[in-house]
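In: Got a sequence here, can you build the structure:
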Amino acid sequence: KDRTRRYETANGFALDLERHLKSEPVSAAAPELGYQLTRFVRRHRAGLATCAALLLLLLAGTGVSTIEAVRANRHAAQAKRAADELAANLYAADVLLAQSAMRVGDYGLAQRSLTAHLPRQGARDLRGFEWAYLWRLCQGDKLAAWKAHENAIRTVAVSPDGSLLASTSSDHEGKLWDARTHQLLFGFQPADCAAFSPDSRLLFTAGWTGLIQVWDLNQKAPVKSFSTGTAPWESPRAQLAVSPTEPLLAVCTDGNFYGGRGSVFLYDYRTGLQLRCLTNSGDRMAFSADGKLLITGSAGGCVTVWNVASGQVIKQLQGVSGIASLAVSPQGLLAVTEFWSGDVRLWDLASGKESPRLRGHPVMAWQVTFSPDGRMLASGSSDQKINLWDVANRTLLASMVGHQSEVWSLAFSPDGKQLFTGSKDETIAV
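Out: Prediction:
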């Protein structure tokens, strides 16, 4: 043995024995890293075993998590492919639905089908040239359109000078617009209907409460108001008409669109004085061009021609069912639309003779109006169309589309070149 490797004392030997028993490195052994690690492992066997077990569990968990993540990513990719395929199929179905809807004239359904695919944030835009093409087509024939109310539009009226447009809706709200720029000027309520004076200086409004207001359009404020009294009926709706020749206002506030009741009151709108009451006349009304006659009717049927000066009945036109609307041309031609019918019926007021019907709407025509010169007649219907007729020849000139729902109100511009329409879709179109 190498004498230099011997213990110098018995105490050194004893210390090494003690270290050996404690699994600590002994001084007699070579100071190699492997030997020291072996001793360290023996000395901390329990702790290292625990650490090793924890490490194995961690590695196992990591492995399982990795496998599950791979599976989840694979399932997510499959779900995305399925969602993309479903979206593409839905898009194709809605494009076909829009085509079919336009083919039958339901432009509202066509627009809703296409609007459903406007791109949302973070979503893929599936629209192609076919969407843009159909979107242009389903805008129809309108020159302009805007959302005017929060409910169905009941009436539209254009001032005689063509500068202003008034509209009212089913929620008894009225609005005044610039007819050229379509900008809102001011609102008014309660109002079921509105009409302008012949000189375009005044606006008349009437509401279901019986309140009638006269607005000075320069001041943009009411300068006079009077009342017919509180309407006693359930769900009443006011209607009015302005004489083209005299300061007369015909008003009915106790009528009902679907009911056969209502009486028209005649007022001098300069003073607010009530001149007479046309009892049980109905709530649809229109003055003749010379202002001498007032023609009335109701949902109960029967058209009555009144002498404005005397308040006497001149004649009645029988064989009419529930009247939806009526209008009188400058030539003395009466146009009437009836409930649940798309026909427009025509009478000569002087002779009382009825002309052949204008048949163009397959469903109910809500409103009819003549152009200022009386040469054309427009009718709006539940089929979302506006038919334009040649009065002299009794022929259909055009069938205009673009609204998304029933067309309830119509008004020509004073020059007859534009037609303003109000719809159940809450928009006004030109």
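
In: I figured Asp106 was touching Val401, is that so?
Out: No - using Cβ atoms under 8 Å, Asp106 makes no contact with Val401, being 9.5 Å away. To be clear about C-beta, it is placed using only N, CA and C from the backbone, and glycine gets the same treatment.

In: joint contacts of the two?
Out: Common contacts of Asp106 and Val401 (Cβ atoms under 8 Å, 6 or more residues apart in numbering): Gln384.

In: Neighbours of Gln404, how many?
Out: 22 (other Cβ atoms under 10 Å).

In: Do I have it right that it meets Gln111?
Out: Yes - using Cβ under 8 Å, Gln404 is in contact with Gln111, at 5.5 Å.

In: Next, the closest residue to Leu326 other than its chain neighbours: phi, psi?
Out: Closest residue to Leu326 apart from its sequence neighbours, by Cβ to Cβ, 6 or more residues apart in numbering: Val336 at 4.8 Å. For Val336, the backbone dihedrals (degrees, to the nearest 10) come out as phi -130, psi 140.

In: ok, now Leu346?
Out: Dihedral angles (degrees, to the nearest 10) for Leu346: phi -130, psi 140.

In: Could you give the bridge partners of it?
Out: On the basis of DSSP bridges, Leu346 is bridged to Ala335, Ser355.

In: if I look at it, how far off is Arg357?
Out: 7 Å (Cβ to Cβ, to the nearest Å).

In: Which helix or strand contains Pro119?
Out: Per DSSP states H and E, Pro119 falls between elements, in no helix or strand.

In: i'd like the first residue to be 46 from this point on
Out: Got it, the first residue is 46 from now on, which makes the last one we talked about Pro164.

In: That one: what's it in contact with?
Out: Asp170, Arg172.

In: give me that answer again for 7 Å
Out: Asp170 (Cβ atoms under 7 Å, 6 or more residues apart in numbering).

In: State the pLDDT value of it.
Out: Looking at Pro164, its pLDDT reads 85.

In: Just want the phi and psi numbers for it.
Out: Dihedral angles for Pro164 - degrees, to the nearest 10 - are phi -60, psi 140.

In: Relative to Leu179, how far out is it?
Out: 16 Å.

In: next one: Ala117
Out: With Cβ to Cβ as the criterion, Ala117 and Leu179 are 39 Å apart.

In: For these two, indicate the residue with more neighbours.
Out: A direct count of neighbours by other Cβ under 10 Å for Ala117 and Leu179 places Leu179 higher, at 20 against 11.

In: Doesn't that one lie inside a helix?
Out: Yes - secondary structure of Leu179 (DSSP: H, G, I helix; E, B strand; the rest coil): part of a helix.

In: Residues touching stretch 387-404, excluding its own?
Out: The contact list for stretch 387-404 (Cβ under 7 Å, 6+ apart) reads 333, 338, 350, 360, 362, 377-383, 405-410, 413, 422, 424, 426, 434, 439.
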